[in-house]
Every structure is written in structure tokens, then in C-alpha cells.
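*Asks:* Here's a sequence, model it:
(chains A and B)
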2 protein chains.
Amino acid sequence: AFTRPGEDDTIAVTNPTYTLYGTLAEMYGVRVENHPAAAPQYSLPEEFIESPAKILFLPNPNPPIGTFYPAADLECLAAVDPDRLLVIDEAYVDFAPNDAMAVYKKYDNILISRTFSKSYSLAGLRIGYAIARPQLISAMNKIRDSYNVNRLTQAAAVAAWNARGYYADMVNRIREDRAFLAAALKERGCTVPESHGNFVFARKAGAKKLYQQLKERKVLVRYFDTPGLDDGMRITIGTRAELEKLLETLDSLG
Amino acid sequence: AFTRPGEDDTIAVTNPTYTLYGTLAEMYGVRVENHPAAAPQYSLPEEFIESPAKILFLPNPNPPIGTFYPAADLECLAAVDPDRLLVIDEAYVDFAPNDAMAVYKKYDNILISRTFSKSYSLAGLRIGYAIARPQLISAMNKIRDSYNVNRLTQAAAVAAWNARGYYADMVNRIREDRAFLAAALKERGCTVPESHGNFVFARKAGAKKLYQQLKERKVLVRYFDTPGLDDGMRITIGTRAELEKLLETLDSLG
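*Replies:* Numbers count the residues shown, from 1 in each chain, chains lettered A, B, ... in the order given. Below is the predicted model:
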């Protein structure tokens, strides 16, 4: 028999982070612990590390800043309680120095999730995968919707995986352009925390107005109107031409 | 705020019917009322009609027999309680005399669901749609997974819809072959209730053994090892050549 979801369940997240963990948890009546991480380092908060929640969700790298937590940090989270699940969301991992597989192998309470939406450019396909111990996968299979990945999607994901050399080249290009963009934004007075994603977060006085002015000129970046993020913009690494267009537009705004 | 699912929720289904309603309800901790409908007519049970459940699920036609409930039956269900939702699953409706749109227009508590898996031959795509009042659709949108239908699937479904003349011809062929198969099975001593789906349910003494013998000869039909269904087989209408192969194999079994 299944227990009803949410009755005494809690998850823990840091803040800022990907907001959908909290949204989905609320949808299922699950309580959400929200632990602020402080700029500029965004070190993992002690309350998050020691949280009594059943599941911790940590994207690594963590959007929208792009913070990358090294293996020692992840081990620290996994070691606290073998019955507490650590979900490491590696949506952006291909843009980072390394993945968490080495840590995963040392602990039984880690689930790694990945997606074809970022480094494989297949966001329109809604396909990803999870890596976890058989016992957990088998529990998830019990409540997984039947036939939850359709045949076209499976074929496309396999084709993308077989073409991973092509995508590795693209990822390298994006890393180079990320460095180019970060440097160019710093030259223009922005504060840019080191990002390990396919985006940078650029802080500048008047960020909200800047975002609106860019939008009026059809340059779309992401603005988050929430404390801790409302002083900057997340800029995705597009093509080099798109980045130059962004920089020109910023310059034209004076 | 969302209420937690399942805490005091009940759905009602008839029996036999599509089994996934019950499975999914149990997964969410929702109680399932199961109301047996009696052969050979499978009329809607009085307890189902009067059920205090929050939602009634009725496929029309209803697998695996293929029973079709006329508009008067559906009106009867919808009229009992305006706050009770009637879900009419029209997965097989294109093989039936008519759909429930006329009834739908007269009541505010009906949701019609449809799929591209049957009459549009796109089972591998996992795509369907629902028809309901804006208020209900908007409530469902709140808890719908984000981006739940991917772009390839949307394109394929639109293409199939635009080719609906082609599929209408196919549906007519299947109706003709359903009549052909039902008659041929009756000639061979089977009892075949009238089916309005793309399948027939054929009852015969020793059905389970027959199913196994067919399987050994690579003719695959569906056997349900449950009371009320274990005396027959559900046979999907394949190509005419496949149906003839089935009949030949039955004949060879004596």
C-alpha cells in the first residue's frame, strides 16, 4: 500500500535555486524548508546541511547564479544521515568542471538527475534521466506514470546521445563564450559571480530598468523580482552574434 | 493553497472497465468504489448511478467488452448531482455510433477525455486531450506538470488531426472488419457481445487454454484472469490478413 504523499513530508532547498522543487512540493502538500545561501560565495548553509528533511534538492551547478559545489560539499551533505536522500540535479553539469559520480559511488543515499534540455539542446523534448540505487529506482517505478516517455522522444534522445561528440564541441564553445561574456560585462561595470552553467548572472545598479530597456530593444534576458536576485539579470550564453548584440545594446544605453 | 490529495476523496468505476483509473487512484491514496455491471447487457449499476463519489469514471465505449452507453444513460449519470464530476473517457468513441458532445453541452459537470492512441494509431506518442468547462480546465492547469506535452508530439498530433479524413477511412475499415470477425467467431461457437470499440470480446469454453494455444502459435490476444472476464479473450481488430490468420489458427486447434 502507498502512503499518502505530504502527510508528514518535508524537503529542503537552498535559496536562490531552481524554483520548481518548491512549487511541485507544495502541489503535493509537502512542506518546504528554504535555507538562504549568502552572496558572494553562496556556501551551503549549516541549517541545510543538518536539515531533518526527508529529501534535499541541490542543483549543481545551481541556477541562476551558476554556483558549483565541489565534491567535499556534496560528501558533507550525503554523510549526515544515510536515510536522508540527497538529490543532485545535474541539469547544467556538462558546463561544470566535473560531475558527482565519484561521490555517488561512495554513498547509497544520492540520486543524480540529468536532462537533455541544456547541453543537448533538446528542451522541447522534455527528456531526462536519473541515476540511483536499484531499490530507489524500483520504488520510483511503482508510482511513475505508465509510458511516461514517448517513442519519438526516446529515439531523439538516443540519437543525441550517440552524437555526444558534437554536443561536447558545442559545450566547449559555450564555456569559451561564457568567459568572453563575463569579462565583457565586468568591463562594463557589472559584478559577475563565477558561473559553471550555460548562463551568467550579472549584477549592476538599476538592473530592473536595464532588463526592461533590453526587452524594449528585443534583447531578452531573465530578471527575477525576488530578494537576493533583483539586483541582476541572468543572461543565457547564446551565439557569439547574440552576445555581441547584447553588448552593443548595453553600450547604446550608456 | 492546495488540499492534499486523497484525504477524503473517492472515485467510482464500473466493473469490468479500464483498470488504470483504480490503479492511479490508489497511487494517490484515493478510495475506489467498484460497481459490478452484469453480463450480457452491462447496464449501469444503480449504486454507480447514485454513488456519492466525487468523480465517476466511465469509458464509452467501455473496454474490454466494448459496451456503448447511449446518451440517456449518460444524462442519467450527469443529472444526479451537479457537484459530482462525470468523466467520460472517449478513447474508443470513433468506433462507436456517436460521441457525448450533445450531453456535454447540457450539463456543467462533464469532462470528456480523448486520445490519439486508438483511432489515430499514435499510441507511441502518449497524446490526448480533455473537453471541460473553463473553470475545471483552469483548476487542472494549476496542477498539470509544466511542459507536459513535448514539441514533436504536438507537431505529430496536429498533423494527424489534419489528416483525419485518412483516419476516418481506417476507422470505417475497422468497423467492417469488427463485424466480419464477430460473425466468424460466432460461427465457431463463440459468444460475442456487441462491441463498439476496435476490438471484440469472444467468450468460449476453455478460453484460457485457447489463449495459451494461440500464443504458442504467435497469435497474440488479451486474456484477463479475473472474474467476469476469465471466460473470454479480447481480440483487437488488426488487418484483414491478421484476422484470417487468427481464424485459421482457431480452426486448426479444432
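
*Asks:* give the contact list for A:Glu33.
*Replies:* Residues in contact with A:Glu33 (Cβ atoms under 8 Å, 6 or more residues apart in numbering or on different chains) are A:10-13, A:47-48, A:51, A:53. In short, each C-beta sits where N, CA and C put it, glycine included.

*Asks:* 10 Å instead, please
*Replies:* Counting by Cβ atoms under 10 Å, 6 or more residues apart in numbering or on different chains, A:Glu33 makes contact with A:10-15, A:22, A:25, A:47-48, A:51-53, A:56.

*Asks:* Okay, it and A:Leu85: tell me how far apart.
*Replies:* 14 Å (Cβ to Cβ, to the nearest Å).

*Asks:* Highest neighbour count among the contacts of A:Glu33?
*Replies:* Counting neighbours by other Cβ atoms under 10 Å in any protein chain shown, the top entry in these is A:Leu56, with 27 neighbours.

*Asks:* Contacts only, for that residue.
*Replies:* Applying Cβ under 10 Å, 6+ apart, we find A:Leu56 in contact with A:11-14, A:21, A:33, A:35, A:44, A:48-49, A:77-78, A:80-81, A:84-88, A:109-110.

*Asks:* just the strands in the stretch 151-254 of chain A please.
*Replies:* A:199-203, A:232-236 (DSSP state E, counting those that start in this stretch).

*Asks:* Point me to the residue of the stretch 151-254 of chain A nearest chain B.
*Replies:* Closest contact between the stretch 151-254 of chain A and chain B, by Cβ to the nearest Cβ, is at A:Arg151 (3.6 Å).

*Asks:* Pretty sure that residue sits against B:Gly124.
*Replies:* Yes - judged on Cβ atoms under 10 Å, A:Arg151 makes contact with B:Gly124 at a distance of 3.6 Å.

*Asks:* Could you name every residue contacting both of those two?
*Replies:* Joint contacts of A:Arg151 and B:Gly124 (Cβ under 10 Å, 6+ apart) are B:Thr153.

*Asks:* pLDDT score for A:Met27?
*Replies:* What the model reports for A:Met27 is a pLDDT of 86.

*Asks:* what does A:Asp83 give?
*Replies:* A:Asp83 carries a pLDDT score of 97 in this model.

*Asks:* repeat for A:Ser146
*Replies:* 84.

*Asks:* Nearest residue to it in space, please, no chain neighbours.
*Replies:* Spatial nearest neighbour of A:Ser146, chain neighbours left out: B:Leu20 (7.1 Å); criterion: Cβ to Cβ, 6 or more residues apart in numbering or on different chains.

*Asks:* likewise A:Gly189?
*Replies:* The shortest distance from A:Gly189 to any non-neighbouring residue, by Cβ to Cβ, 6+ apart, is to A:Lys204 (6.1 Å).

*Asks:* Next, A:Leu44: secondary structure please.
*Replies:* coil (DSSP: H, G, I helix; E, B strand; the rest coil).

*Asks:* Check the gap between A:Ala179 and A:Ile235 for me.
*Replies:* The separation that A:Ala179 has from A:Ile235, given Cβ to Cβ, amounts to 13 Å.

*Asks:* Repeat that for A:Pro97.
*Replies:* 21 Å.

*Asks:* Surely A:Glu26 is in contact with A:Asn34?
*Replies:* No - judged on Cβ under 10 Å, A:Glu26 makes no contact with A:Asn34 at a distance of 11.5 Å.

*Asks:* low pLDDT regions in the stretch 51-200 of chain A?
*Replies:* The stretch 51-200 of chain A contains no residues with pLDDT under 70.

*Asks:* near chain B, which residues of it show up?
*Replies:* A:117, A:122-127, A:142-156 (Cβ under 10 Å from any Cβ of the partner chain).

*Asks:* Any of those residues buried? List them.
*Replies:* Among these, those buried by neighbour count (16 or more other Cβ atoms under 10 Å in any protein chain shown) are A:117, A:122, A:124-127, A:149-150, A:152-153, A:156.

*Asks:* Show me the helices in the stretch 1-150 of chain A, by range?
*Replies:* Taking DSSP state H, counting those that start in this stretch, the helices of the stretch 1-150 of chain A run over residues A:20-27, A:46-49, A:71-79, A:101-106, A:134-143.

*Asks:* Show me what the third one is packed up against.
*Replies:* Spelled out, it's helix A:71-79. For helix A:71-79, the packing partners by 3 or more Cβ pairs under 10 Å, 6 or more residues apart in numbering or on different chains; DSSP states H and E come out as helix A:46-49, strand A:55-59, strand A:85-89, helix A:101-106, strand A:110-115.

*Asks:* Over to the last one?
*Replies:* Applying 3+ Cβ pairs under 10 Å, 6+ apart, one finds that helix A:134-143 makes contact with strand A:110-115, strand A:128-131, helix B:20-27.

*Asks:* Just the buried ones among the contacts of A:Leu56, please.
*Replies:* Buried by 16+ other Cβ under 10 Å: A:11-14, A:21, A:33, A:35, A:44, A:48-49, A:77-78, A:81, A:84-88, A:109-110, out of those.

*Asks:* who's in contact with A:Leu122?
*Replies:* For A:Leu122, the contacting residues are A:115-116, A:128, A:153, A:156-157, A:159-160, A:167, B:150-152, by Cβ under 10 Å, 6+ apart.
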